[in-house]
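*Asks:* Sequence first, then the predicted structure:
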Amino acid sequence: PGFVMGIIKIYSSTAPTGTFASTISNNTITLQYGYSFSGSASLHGIVNTWGAISMVPGSATINISNNNLFNFSVLASGTHMYGISNGIVASSLNINSNIFRGNTSSASLAGFTGILNTGSADNININNNKLGDASGNAITFSGVTSGDLNGISCPVAGNNATLSISGNNFQGFIQNVTGSGNHNYIKFAHATASAITDNINNNTFTNITANTSGNVTFIERSGVMALNAGATENCNNNSIVTGFSKPDGNGTVTFYNAASASLSGNTMVQTGNNFSNINFPNVNAMVGWNNSEGDPITGDGPTKTITSNVFTNWILGQGKATVIQLTCAGNNSSVSGNNISTLTSSSSFDDILGINLGISVQPGIITCSSNTIADIIAGNGANVTGIQSESFSNDRNISSNTISGLSTTGFSATTKGISIKQGS
């Protein structure tokens, strides 16, 4: 067969009427897929779907909670492993407090997805799940795989929905042999049209070694926030626990990425995050914390607050590295009180930047203050800059920052505490 499923709830012919609740909870599931199958196949722990029918949003509450998905095993090369999948349109979706542990795969052409939601809902909560913990890894691939490893994926949310992906732990995404697929730990899309709040808070990434030549992204958002929608996105207090390493220097590493064309009249708050103890011998870019949300042509974007975050103890390779990137920021945006320190790079040609303030042409003020940038050491020939401000036509207050210990070698290499590339 092409599919193996532990629990499946499907409304294939007639939808329930009125307001109803559907609950899948307190189950323990163990599955094995060992079939030889010529096409793509998949193994699913829990599937919740409408099948061939549709449902009007606002009629259903879906609860998938407190389930144990233990010791799944895939032996076929093209079989993707899914933990929990929901495709039902609902008023409220709750996928909370589930545990994924001890799962293994020898698939060479497929990967792993812990939680996948493709059903639009007015209120989405994906909280307090453990994709791996101290008792066992989320997934172990025994051989080479080109498949992607995904933690939580939510590509669909209603325009007026609230979304929370918070309190989840990601631990043990193991590849015994270097693979080529991407790692995406939290990935969501939300095109907001009203004054809603999204919370991506208090997630932990515990001692992950990403043994792949592909890209690794910890948190990524997409979807356009409409002009003056009044939406707020909080991404706070997320952290690496113990450390993170990517032994293969190919691909990129990104801790946060927002690059959709969202407009002003919205707010993004990012505070208290800690992405430290990094070992990545990068050939390509270390992207770091990238908030480029906004229109890249006009420079219009949300008001952004990036404060009191910690990025320390990074050991990097020869590629470019930017710790914090701010682009397309609205009036009263700020990058303040961040700690960027003890970064060592062997780069001999690419720039190393602590904070890069990129293009933003909206009227108003952007503040960069009270940041600590210390002990950034680069290899022979690389330029090192503490704060760089470029290509702007608004006011920028760069004040009260502490910058020290920037170091490089080479005849043409430079160190700059603060660099103003364009503007006034």
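*Replies:* Received, thanks.

*Asks:* low pLDDT regions in this protein?
*Replies:* 1, 13-15, 35-39, 51-58, 391-392, 423-424 (pLDDT under 70).

*Asks:* just the helices in the stretch 1-150 of the chain please.
*Replies:* Assigned by DSSP state H, counting those that start in this stretch, the stretch 1-150 of the chain shows no helices.

*Asks:* Can you tell me, leaving aside adjacent residues, what's nearest to residue 193?
*Replies:* Excluding the flanking residues, the one nearest residue 193 by Cβ to Cβ, 6 or more residues apart in numbering is residue 159, at 4.1 Å. The way it works is simple: take the backbone N, C-alpha and C, and place the C-beta from them, glycine included.

*Asks:* For the nearest residue to residue 267 once chain neighbours are set aside, give the beta-bridge partners.
*Replies:* Distance criterion Cβ to Cβ, 6+ apart; nearest residue to residue 267, sequence neighbours excluded, is residue 232 at 4.6 Å. Counting by DSSP bridges, residue 232 forms beta bridges with residue 197, residue 267.

*Asks:* since we're on residue 232, how many residues are nearby?
*Replies:* Using other Cβ atoms under 10 Å, residue 232 has 18 other residues around it.

*Asks:* swap in residue 104?
*Replies:* 17.

*Asks:* thought it was touching residue 143?
*Replies:* No: here residue 104 lies out of contact with residue 143, judged by Cβ atoms under 8 Å, at a distance of 10.9 Å.

*Asks:* As a check, name the ranges of all strands in the stretch 151-300 of the chain.
*Replies:* Taking DSSP state E, counting those that start in this stretch as the criterion, the stretch 151-300 of the chain carries its strands at 162-166, 169-171, 173-175, 183-189, 197-199, 204-209, 216-222, 232-234, 239-245, 253-258, 267-271, 278-280, 286-291.

*Asks:* for these, which one sits closest to residue 43?
*Replies:* strand 173-175 (17.1 Å; Cβ to Cβ).

*Asks:* how close does residue 156 get to residue 340?
*Replies:* 35 Å (Cβ to Cβ, to the nearest Å).

*Asks:* who has more neighbours, these two?
*Replies:* residue 340 (26 against 20).

*Asks:* Now the more buried one: which helix or strand?
*Replies:* According to DSSP states H and E, residue 340 maps onto strand 339-345.

*Asks:* Can you give me the buried ones in that strand?
*Replies:* 339, 340, 341, 342, 343, 345 (16 or more other Cβ atoms under 10 Å).

*Asks:* repeat for stretch 238-253
*Replies:* 238, 239, 240, 241, 244, 246, 248, 249, 250, 251, 252, 253.

*Asks:* what do you get for stretch 135-152?
*Replies:* Buried-residue list, stretch 135-152, by 16+ other Cβ under 10 Å: 136-142, 144-152.

*Asks:* just stretch 302-318 next, same as before
*Replies:* Neighbour-count burial for stretch 302-318 [16+ other Cβ under 10 Å]: 302-312, 314, 316-318.

*Asks:* Can you tell me how far the residue nearest to residue 193 is from residue 61?
*Replies:* 20 Å.

*Asks:* And residue 22, by the same measure?
*Replies:* For residue 22 relative to residue 61 (Cβ to Cβ), the value is 7 Å.

*Asks:* Contact partners for the nearest residue to residue 413 once chain neighbours are set aside?
*Replies:* Excluding the flanking residues, the one nearest residue 413 by Cβ to Cβ, 6+ apart is residue 381, at 5.1 Å. For residue 381, the contact set (Cβ atoms under 8 Å, 6 or more residues apart in numbering) comprises 347, 348, 349, 408, 409, 410, 412, 413.

*Asks:* Also residue 253?
*Replies:* By Cβ under 8 Å, 6+ apart, the contact set of residue 253 is 215, 216, 217, 246, 278, 280, 282, 286, 287.

*Asks:* now do residue 66
*Replies:* Applying Cβ under 8 Å, 6+ apart, the residues near residue 66 are 25, 26, 96, 97, 98.

*Asks:* what's the burial count for the second one?
*Replies:* To tie it back to what came earlier, the one meant is residue 26. Neighbours of residue 26 using other Cβ under 10 Å come to 9.

*Asks:* wait, isn't it in contact with residue 64?
*Replies:* No: if you go by Cβ under 8 Å, residue 26 and residue 64 don't touch, sitting 10.8 Å apart.

*Asks:* What residues sit buried inside stretch 123-134?
*Replies:* 123, 124, 125, 126, 127, 128, 129, 130, 131, 132, 133.

*Asks:* Now, the residues you listed that are in strands?
*Replies:* In this view, these that belong to strands under DSSP state E are 123, 124, 125, 126, 127, 130, 131.

*Asks:* what's the closest of these to residue 43?
*Replies:* Nearest member of these to residue 43, counting by Cβ to Cβ, is residue 131, at 16.0 Å.

*Asks:* Could you pull up the contacting residues of that closest one?
*Replies:* 83, 100, 114, 115, 138, 151, 152, 168, 169, 170, 171.

*Asks:* dump the residue contacts of the residue lying closest to residue 150 once chain neighbours are set aside.
*Replies:* Spatial nearest neighbour of residue 150, chain neighbours left out: residue 113 (4.2 Å); criterion: Cβ to Cβ, 6+ apart. Applying Cβ under 8 Å, 6+ apart to residue 113 gives the contacts 80, 81, 82, 83, 85, 150, 153.

*Asks:* can I get the residues you listed in TSV with distance to residue 17?
*Replies:* Formatted as TSV, the contacts of residue 113 follow (distance: Cβ to Cβ, whole Å):
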residue	distance to residue 17
80	34
81	35
82	29
83	30
85	24
150	35
153	31
